[in-house]
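**Student:** the following comprises the amino acid sequence and a computationally predicted model.
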Amino acid sequence: MNNDIKNLQKEVILTSGVNPKKCMKCGKCSATCPSYDEMEYHPHQFVYMVENGDLEPLLNSKSIYQCLSCFACIERCPRGVEPAKLIEAVKLQVIRKQGQNHLKADDIPNLLDEDLPQQAIVSAFRKYTK
């Protein structure tokens with residue numbers, strides 16, 4: 001595994017806060033996933049691929065956009081692995097790699113709205129500025 005992939009793997013694991021080595025590959029997360037039929041890679045496969053540093057197919061997969069973030073996979077996991085968080089972390093890496101959705105401090109005043117909670121703005125700023 002080259003250094004770029006190794007660094008990306010570390011970043012995904014750090015961002016997600018998930019330890020993929022806890023996974024026992026039982027498939028319960030995938031069995032409960034409402035998007036299972038729509039996904040090229042299923043939740044248990046995401047965990048396995050991140051654990052092994054096989055990130056390139058995940059970065060190019062449409063599966064990361066099929067995840068509903070419903071956390072059904074998290075609820076079913078007997079080991080506390082959180083596949084949805086890994087999927088979100090991979091998706092975030094793709095967004096950052098493409099250079100999309102970056103916010104600058106000067107952009108924020110135009111986004112302020114009386115109906116939009118400030119927490120949403122701060123969260124978006126943190127998520128998309130790296």
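**Tutor:** Received, thanks. Note that the structure is a prediction, hence the values are computed from the model and not measured.

**Student:** what's the distance between Val50 and Lys91?
**Tutor:** 12 Å (Cβ to Cβ, to the nearest Å). C-beta: built from backbone N, CA, C; applies to glycine.

**Student:** how about Leu111?
**Tutor:** 21 Å.

**Student:** so which of those two has more stuff around it?
**Tutor:** With other Cβ atoms under 10 Å as the criterion, Leu111 and Lys91 differ in neighbour count, and Lys91 comes out ahead with 19 against 12.

**Student:** Lys21: neighbour count?
**Tutor:** Using other Cβ under 10 Å, the number of residues around Lys21 comes to 11.

**Student:** in terms of contact, does it touch Asn52 like I think?
**Tutor:** No - Lys21 is beyond contact range of Asn52, at 10.4 Å (criterion: Cβ atoms under 8 Å).

**Student:** helices of this protein, start to end?
**Tutor:** In the chain, the helices defined using DSSP state H lie at 3-16, 28-32, 43-51, 56-59, 63-66, 72-76, 83-98, 108-111, 118-128.

**Student:** take those and lay them out in CSV including mean pLDDT.
**Tutor:** Converted to CSV, the helices of the chain look like this (pLDDT from 0 to 100):
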stretch, mean pLDDT
helix 3-16, 91
helix 28-32, 95
helix 43-51, 94
helix 56-59, 91
helix 63-66, 86
helix 72-76, 92
helix 83-98, 87
helix 108-111, 73
helix 118-128, 68
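
**Student:** now do Ile5 against Gln118, distance only.
**Tutor:** Distance, Ile5 to Gln118, using Cβ to Cβ: 37 Å.

**Student:** higher neighbour count, those two?
**Tutor:** Neighbour totals were compared for Ile5 and Gln118, and Ile5 leads with 14 against 10 (other Cβ under 10 Å).

**Student:** from Asp113, how far off is the more buried one?
**Tutor:** For Ile5 relative to Asp113 (Cβ to Cβ), the value is 40 Å.

**Student:** swap in Glu75?
**Tutor:** Computed with Cβ to Cβ, the distance linking Glu75 and Asp113 is 33 Å.

**Student:** equivalent analysis for Lys97, please.
**Tutor:** Computed as Cβ to Cβ, the Lys97 to Asp113 distance reads 29 Å.
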